[in-house]
Structure formats: structure tokens, C-alpha cells
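> When you get a sec, could you give me coordinates for this:
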Amino acid sequence: MSRFPSKYADNSEQSIGFSFIRVYNIWHRTIKTDLAEIGLTHPQFVVLASLGHLSQNDQEATQVVIAETSDIDVMTASTIIKNLEKKELVKRTPSINDSRAKKVELTQDGLAIMKQALKIVEEIDLQFFGKLAEDRESFNHMLHRLAEE
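Coordinates of the predicted model:
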């Protein structure tokens, strides 16, 4: 191959996808490193935060509801929940609404670690995205537009 077959061969910074993944990787590396210090992976944090959010409205959180809320496929959510249960951060009990499903709840330890993790992640977000200054709100709006289905 003599020439890289991309229209961005001469300037990869013009590729939105390439720029996006580079920025995501920088942000994600910081999140992963800081959450590892309290024994959580980023997906575990996402599930705990989703569960915390759902529980504030007294909504029964099943594996499927958590997967939908966190935009994680159901089988991956199941694995994450099982690992969180082993750490005694969540507990599963029979669902009130669906005999085939399990209700997932935060334990006291789970609630405490979720609160600790939220502080860490929100501080990282504030510092990382704070670089955008007055463009931060606009950037967040654009991300929501891209996420619309």
C-alpha cells in the first residue's frame, strides 16, 4: 500500500471520528484510573449510577430497565450486576411486577460507593469539560442531538 486510502490522509485532525475517539480515550482513561482506586470499573459505575437514579423515583429496577437506562446491552448488564452482587454493592430479589425478573437494589455499601464514585466522575467531568468554558452547554446539547435515535 503506497498511500493511506483516507480522505484525511494528510491531516487526521480533520476527521471528526478520529478526533472524537482521541478525546473520549483521554477522558475515559482518567475515569478508569480514578474509579479503579475505589475498586470500580467504569461500566460498574454506570450501572450503579443508573440504579441510583432509578431508585430515587421508586421505580423497580430490573436488569432490563437498568440496561435500557444505561444504554448497555442486557447480557453485559447482567454480568456487571452479578459482579456488583459478589462485591455486595447490589442485591437481587424477585420482582413485584414480573415473576421472571429480578429487582436490583443498592445495598448500603453500594449506595456509599456510588456516592463516592459520583463525586469522582463529576469532578473529572467538571475539570475535563470545563476547558470548553462558555461552549460547554452547547457541546452537551450537540452530544444529545447525536444520541437521539
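> middle-most residue in the chain, spatially?
When CA atoms, centre = their mean is applied to the chain, the residue found nearest the centroid is Val46 (3.6 Å).
> So that one versus Leu132, what's the distance?
22 Å (CB to CB, to the nearest Å). For glycine as for every other residue, the C-beta is placed from the backbone atoms N, C-alpha and C.
> Burial check on Ile26, number of neighbours?
Each residue near Ile26 was counted by other CB atoms under 10 Å, and the total is 10.
> could I get whichever strand or helix holds it in CSV with only the CA atoms?
Here Ile26 sits within helix 16-36, counting by DSSP states H and E. Extracted in CSV, the C-alpha atoms of helix 16-36 (Å, rounded to 0.1, in the frame of the first residue of the first chain):
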residue,chain,number,x,y,z
ILE,A,16,-14.4,14.1,13.4
GLY,A,17,-14.5,10.4,14.3
PHE,A,18,-10.8,10.2,14.9
SER,A,19,-10.9,13.4,17.0
PHE,A,20,-13.8,12.1,19.0
ILE,A,21,-12.2,8.8,19.8
ARG,A,22,-9.0,10.5,20.9
VAL,A,23,-10.9,12.9,23.2
TYR,A,24,-13.0,10.0,24.5
ASN,A,25,-9.9,7.9,25.3
ILE,A,26,-8.3,10.7,27.2
TRP,A,27,-11.4,11.3,29.3
HIS,A,28,-12.1,7.6,29.7
ARG,A,29,-8.5,6.8,30.8
THR,A,30,-8.9,9.4,33.6
ILE,A,31,-12.3,8.0,34.7
LYS,A,32,-10.9,4.4,34.7
THR,A,33,-7.8,5.2,36.7
ASP,A,34,-9.7,7.2,39.4
LEU,A,35,-12.5,4.7,39.7
ALA,A,36,-10.0,1.8,40.0
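> Helices of this structure, start to end?
16-36, 42-55, 63-70, 74-86, 108-130, 136-147 (DSSP state H).
> Any chance of CSV for those helices, columns distance to Ser95 and mean pLDDT?
Output for these, formatted as CSV (distance: least, CB to CB, whole Å; pLDDT from 0 to 100):
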stretch, distance to Ser95, mean pLDDT
helix 16-36, 29, 94
helix 42-55, 13, 95
helix 63-70, 10, 92
helix 74-86, 14, 96
helix 108-130, 18, 97
helix 136-147, 29, 92
